[in-house]
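Trainee: below are the sequence and a predicted model for it; my questions follow.
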Amino acid sequence: MPGGRLTQQERRQIELGVADGLAYAEIARALDRPTSTVTREVMRNGGPTAYRADLAHRATERRAHRRRQPAPRGAEAPAQAHGRDSEAVREYEEVFATVFMQSGLPRMTARVLAGLYTTDTGSLTASELAGRLQISPASVSKAIAFLESQGLIRRERDERRRERYVVDDDVLYQSTMASARATAHLGDVARQGVAILGPHTPAATRLENIARFVTFISESIARAADQAREVLHTKPEGASDGAPRPRSDQPGSDRG
């Protein structure tokens, strides 16, 4: 029914169409839907490279369920800065969290990370996160522990000695470098197997190829991260927004 909500089957057809590289208008014609419906569906649920029908359907059900529930007394949605549309921001955070989930993060952890990235300050306390996401402090604590273990956030204390959880350009850089080091470690371990299995044997040759491949990848990632940090995160001359300048105190040898 063109005027009703998308069904799960229609979403699967959209997923297949996007995967096949079809234009949104072509997908919409096959469904007898407006092109705008398909475009909005894809963009609010991960975009063309990450759209998944089942995840999109569950996200839509959650939004509908939340709208049906009466808001707790005295729990109004916080006013958005810069004249932002609160509902649009909330929906975007869900899209962002869905992308993190597709990359392997647990749902609650993905929501916490998306919530941090979409704040202007880039930092929140545990109580602020719990209130913002309407989740329990225990859920926040578990998500924070995982994110910190992966180098995706860092802790700092504010002037009131409260712990704040922070995401910024440097956190993303450090996380990327940690990933490059982990990849390089795989190459080191593969090379150990070459000597054990015997040079020029089929198994040793396979491991040597793995080692060469991941070493090349890890060095490329580290090099690209250094270049991006230097070029993309450098403020123009005369900028006075109080943002920290990129640090240059970490040599390339840090990439392991």
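Mentor: That came through, no problem. Numbering: from 1, shown residues only.
Trainee: and D85, how far is that from T7?
Mentor: 27 Å (CB to CB, to the nearest Å). All C-beta atoms are positioned from the backbone trio N, CA, C, and that covers glycine.
Trainee: scratch that, T176 is what I was asking about
Mentor: In terms of CB to CB, T176 sits 40 Å off from T7.
Trainee: may I ask which helix or strand of this structure has the lowest mean pLDDT?
Mentor: One helix or strand of the chain scores below all others by mean pLDDT, DSSP states H and E: helix 53-68, with a mean of 75.
Trainee: would you mark the buried spots in that one?
Mentor: Using 16 or more other CB atoms under 10 Å as the test for burial, helix 53-68 gives A53, L55, A56, H57, A59, T60.
Trainee: element containing the spatially most central residue of the chain?
Mentor: Nearest residue to the geometric centre of the chain (CA atoms, centre = their mean): F100, 3.8 Å. Take DSSP states H and E as the rule and F100 turns out to sit in helix 86-102.
Trainee: using PDB, list the CA coordinates for that helix.
Mentor: Output in PDB follows, covering the C-alpha atoms of helix 86-102 (Å, rounded to 0.1, in the frame of the first residue of the first chain):
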ATOM      1  CA  SER A  86      15.200  17.400  18.400                       C
ATOM      2  CA  GLU A  87      13.500  14.600  16.500                       C
ATOM      3  CA  ALA A  88      15.800  14.800  13.600                       C
ATOM      4  CA  VAL A  89      18.900  14.700  15.900                       C
ATOM      5  CA  ARG A  90      17.400  11.700  17.800                       C
ATOM      6  CA  GLU A  91      16.800   9.800  14.500                       C
ATOM      7  CA  TYR A  92      20.300  10.700  13.200                       C
ATOM      8  CA  GLU A  93      21.800   9.300  16.400                       C
ATOM      9  CA  GLU A  94      20.000   6.000  15.800                       C
ATOM     10  CA  VAL A  95      21.300   5.900  12.200                       C
ATOM     11  CA  PHE A  96      24.800   6.600  13.500                       C
ATOM     12  CA  ALA A  97      24.500   3.900  16.200                       C
ATOM     13  CA  THR A  98      23.200   1.400  13.600                       C
ATOM     14  CA  VAL A  99      26.400   1.900  11.600                       C
ATOM     15  CA  PHE A 100      28.500   1.200  14.600                       C
ATOM     16  CA  MET A 101      26.400  -1.900  15.300                       C
ATOM     17  CA  GLN A 102      27.100  -3.100  11.800                       C
END
